[in-house]
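**Student:** Provided below are the primary sequence and the corresponding predicted coordinates.
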Amino acid sequence: MKSVPIIIDCDPGIDDTIALLTAFVSPELEILGITPVCGNQPLERTVRNALQVCELGGRPEIPVHAGCFRPMLRDPIYGQFHGKTGLGNTVLPDPVKTVEAMSAVDFLIDTLERAALSGEHVTVCCLGPMTNLAVALRMRPQITRGIARVVMMGGAYREPGNRTMTSEFNMLADPHAAHVVFSSGVPIVALALDATHQVMLKPEHVAQFVSVSGAISKTLGELMAFWDRNDVARYGSRGGPLHDPLVIAYILAPQLFETARARVFIEYESELCMGQTIADWYGKSGREPSAEIVTKVNAEGIIAFFLERLARYTEKVAA
Ligand code: RIB
Ligand code: CA
């Protein structure tokens, strides 16, 4: 597989961290940069967490560009399940690595304009609220020419929301940004709760992941233990959903996923349904489909995929 140039836009965040750690040991991916955004935590914390995770994963050379300080229009809402620092109870060493001077928005514009000229189109992985990409699109709409596709975690189509009755956190946190991106015409693969709730990380999986992951085993175990929210009431069993890591898995192992095309609309005016993602599965809107929505996931295959990837830390020098 020719290496895929990607940008990882994220709000670490425990599941963002697992996604980053998986990407770090995947040579099929050329990680051009990481662009933290205000989401699970305020920006200064998601930036710090990203810097620390780059060092934890032995990839200090990957540039980190600070993104938007707050959503496009609404007030920030922050995540509820990532602990007070965004990394559960895990305390990582103060980062030696520093954030780049160029902002995430300028980095996205600069990189995607170059990609449009070179033809090496970039896959933009969005693991948090889509503010950075939306602002870049508002500043330079033609950057779509440098995007191969956006592979994003967010939304809830046939599933109820996980932050409100209707809405998933990333979409609710910045519904206006989601509307801008989904209206831009850029090819989108959407991993919503419909997909991520098919892969629950149970305690037995955590034990397996920890046992194979060598250099990062202790930290991974802490993060995943914090993520196990005993959500028997909500999910009917122990464990936590693997949201963001599925974005990386989709790029590397698309055979584990099934999708269906639909036009996607984002609710950004209603108080009751703010951030809801609505799929026009049957063309009722008369609008062209705008996304590939993941409808089915091979959960067993996904667990095996992450086990194999995280085991690659066995050979790595402890960070
Ligand atoms: O709803 C799940 C999403 O919200 C994930 O990206 C998680 O990190 C939080 O940002
Ligand atoms: Ca996230």
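**Tutor:** Thanks, I have it. Ligands and ions are numbered 1, 2, ... in the order given.
**Student:** After the longest strand along the chain, which helix or strand is next? Please name it.
**Tutor:** Looking across the chain with DSSP state E, the single longest strand is strand 257-266. Remark: after strand 257-266, the chain's next helix or strand is strand 277-280, criterion DSSP states H and E.
**Student:** From the contact counts, what lies against the following helix or strand past that next one?
**Tutor:** Downstream of strand 277-280, the next assigned helix or strand under DSSP H and E is strand 291-297. Packed against strand 291-297 by the contact rule (3 or more C-beta pairs under 8 Å, 6 or more residues apart in numbering; DSSP states H and E) you find strand 188-191, helix 193-196, helix 245-252, strand 257-266. In short, each C-beta sits where N, CA and C put it, glycine included.
**Student:** Now tabulate these in TSV and tack on mean pLDDT, distance to ligand 2 and mean neighbour count.
**Tutor:** Shown next, in TSV, are the helices and strands packed on strand 291-297 (pLDDT from 0 to 100; distance: least, C-beta to the ion, whole Å; neighbours: other C-beta atoms under 10 Å):
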stretch	mean pLDDT	distance to ligand 2	mean neighbour count
strand 188-191	98	11	24
helix 193-196	98	11	25
helix 245-252	98	9	25
strand 257-266	98	17	18
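**Student:** ok, and what's touching the longest strand of the chain?
**Tutor:** The contact list for strand 257-266 (C-beta atoms under 8 Å, 6 or more residues apart in numbering) reads 155, 157, 171, 175, 178-179, 182, 188-190, 195, 250, 275-281, 283, 285, 287-298.
**Student:** Quick one: the strands in the protein, in order.
**Tutor:** Assigned by DSSP E, the strands in the chain fall at 4-10, 29-36, 122-126, 147-153, 188-191, 200-201, 240-241, 257-266, 277-280, 291-297.
**Student:** Out of these, which is closest to residue 90?
**Tutor:** Of all the strands of the chain, it is strand 240-241 that lies closest to residue 90, at 14.9 Å by C-beta to C-beta.
**Student:** just to revisit the earlier point, could you identify which of the strands of the chain is most buried?
**Tutor:** strand 122-126 (a mean of 27; mean count of other C-beta atoms under 10 Å).
**Student:** touching ligand 1 at all, it?
**Tutor:** No: figure legend: strand 122-126 not in contact with ligand 1 (C-beta under 6 Å from any ligand atom); closest approach 8.8 Å.
**Student:** Tell me the strands beside that strand, with direction?
**Tutor:** Applying DSSP bridges to the sheet, strand 122-126 is found paired with strand 4-10 (parallel), strand 147-153 (parallel).
**Student:** Would you indicate which residues of stretch 211-220 are buried?
**Tutor:** By 16 or more other C-beta atoms under 10 Å, the buried positions in stretch 211-220 come out as 212-217, 219-220.
**Student:** Take those residues and write them to TSV, including pLDDT and distance to residue 310.
**Tutor:** Listed next are these as TSV, based on pLDDT from 0 to 100; distance: C-beta to C-beta, whole Å:
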residue	pLDDT	distance to residue 310
212	93	6
213	93	4
214	91	9
215	86	10
216	94	8
217	94	9
219	95	11
220	94	7
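**Student:** nearest spatial neighbour of the residue in the stretch 151-300 of the chain that ligand 1 sits nearest to, skipping sequence neighbours?
**Tutor:** Using C-beta to the nearest ligand atom, residue 169 is the residue of the stretch 151-300 of the chain that sits closest to ligand 1, at 3.6 Å. Using C-beta to C-beta, 6 or more residues apart in numbering and skipping residues adjacent in sequence, the residue nearest residue 169 is residue 163, 4.5 Å away.
**Student:** for the one you found, what are its contacts?
**Tutor:** Residue 163 neighbours (C-beta under 8 Å, 6+ apart): 77, 80, 169, 172, 275.
**Student:** now do residue 139
**Tutor:** 105, 109.
**Student:** For ligand 1, see how far away it is.
**Tutor:** 24 Å (C-beta to the nearest ligand atom, to the nearest Å).
**Student:** ok, that residue to ligand 2 distance?
**Tutor:** Distance, residue 139 to ligand 2, by C-beta to the ion, to the nearest Å: 23 Å.
**Student:** just residue 59 next, same as before
**Tutor:** 18 Å.
**Student:** same check, this time on residue 174
**Tutor:** Taking C-beta to the ion, one finds residue 174 at 12 Å from ligand 2.
**Student:** That residue against residue 75, yeah?
**Tutor:** No: contact criterion C-beta atoms under 8 Å: residue 174 and residue 75 do not qualify, at 10.5 Å.
**Student:** And these two? Which one has more around it.
**Tutor:** Neighbours per residue (other C-beta atoms under 10 Å) separate residue 174 from residue 75, with residue 174 holding more: 32 against 8.
**Student:** Please list the residues of this protein that sit near ligand 2.
**Tutor:** Neighbours of ligand 2 within the chain, by C-beta under 5 Å from the ion: 11, 13, 16, 127-128, 244.
**Student:** This completes my enquiry, with thanks.
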